[in-house]
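Peer 1: Show me how the following folds:
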Amino acid sequence: MAATDSPSTAVRRRDLCSRGIRLAGKMRADVIDLLDTYVEQQGLDASATVGVVEGVPLAAVERWDEQTGTQRLLENLVAYRAFRALLAQMLEEQREQLGEADAGLGRALAAVLLQVSAFAYHLEELLQLESRGIPSEEGDGPPPLPRLSLFEQKLRGLGVLRELAQWAVRSARDLRQLSKPS
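Peer 2: Predicted structure coming up:
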């Protein structure tokens with residue numbers, strides 16, 4: 001990013017970006033698989049329209065090409081921290097609803113939650129490399145949500161997973177942009 005980067009910093013950034021792109025691709029594939037399972041297990045219609053879900057960051061951005069690398073990293077970090085909290089809540093709700101009756105869905109949710117956490121950590125590493133302070137997590141998570149009906153929880157979960165898949169695409173795109181020579 002900076003013209004004064006040392007060769008080792010540039011190599012490290014490219015390496016971290018390449019690994020991040022692979023992580024984002026794997027995460028997206030797993031989220032797509034989880035979406036299929038989630039829709040089936042929750043008895044939802046795959047084409048169901050879900051409006052904007054409170055606390056879910058949107059991957060779409062205006063003037064994407066005008067953002068700096070640091071802005072992209074910070075937006076990604078905030079989003080993945082929010083997804084971490086939302087997925088943890090979904091996992092807890094799923095366990096309350098189904099208990100151990102559907103351990104497969106719980107395992108898949110837990111695996112994606114782990115990937116989201118790892119990706120957030122990866123973004124923190126990139127921010128440190130860019131000599132940027134890592135923002136605290138205070139206030140990053142979604143606001144406490146009101147108690148939702150079972151159907152509303154299912155729809156919120158569908159919205160969370162769909163948007164997470166979009167974020168995985170955006171993240172790979174952001175990291176490709178960041179890995180380009182300054």
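
Peer 1: how about low-confidence regions in the chain?
Peer 2: 1-5, 98-101, 132-133, 138-146, 182 (pLDDT under 70).

Peer 1: Residue nearest the middle of it, spatially speaking?
Peer 2: residue 80 (4.0 Å; C-alpha atoms, centre = their mean).

Peer 1: That one and residue 40, how far apart?
Peer 2: 26 Å (C-beta to C-beta, to the nearest Å). Quick note: C-beta positions are derived from backbone N, CA and C, even for glycine.

Peer 1: Please apply the same query to residue 168.
Peer 2: 21 Å.

Peer 1: Neighbour count for the two, which is higher?
Peer 2: The neighbour comparison of residue 168 against residue 40 (other C-beta atoms under 10 Å) goes to residue 168, with 26 against 11.

Peer 1: thinking that one is in contact with residue 24, fair?
Peer 2: Yes - between residue 168 and residue 24 there is a contact under C-beta atoms under 8 Å: 4.8 Å.

Peer 1: max-length helix in the protein?
Peer 2: Secondary structure assigned by DSSP state H gives helix 7-42 as the longest helix of the chain.

Peer 1: Could you list the buried residues of that helix?
Peer 2: 13, 16-17, 20-21, 23-24, 27-28, 30-31, 34-35, 37-39, 41-42 (16 or more other C-beta atoms under 10 Å).

Peer 1: Helix or strand next in line after that helix, which one?
Peer 2: helix 69-98 (DSSP states H and E).

Peer 1: just checking, what packs against that next one?
Peer 2: helix 103-129, helix 150-179 (3 or more C-beta pairs under 8 Å, 6 or more residues apart in numbering; DSSP states H and E).

Peer 1: what angle do it and helix 150-179 make?
Peer 2: 150 degrees (axes from the mean of the first three to the mean of the last three C-alpha atoms, to 10 degrees).

Peer 1: And what about residue 131, helix, strand or coil?
Peer 2: Following DSSP: H, G, I helix; E, B strand; the rest coil, the label given to residue 131 is coil.

Peer 1: contacting residues around residue 96?
Peer 2: Listed by C-beta atoms under 8 Å, 6 or more residues apart in numbering, residue 96 has no contact partners.

Peer 1: Distance-wise, check the nearest residue to residue 156 once chain neighbours are set aside relative to residue 29.
Peer 2: Nearest non-adjacent residue to residue 156, counting by C-beta to C-beta, 6 or more residues apart in numbering: residue 53, 5.2 Å away. Counting by C-beta to C-beta, the gap from residue 53 to residue 29 is 22 Å.
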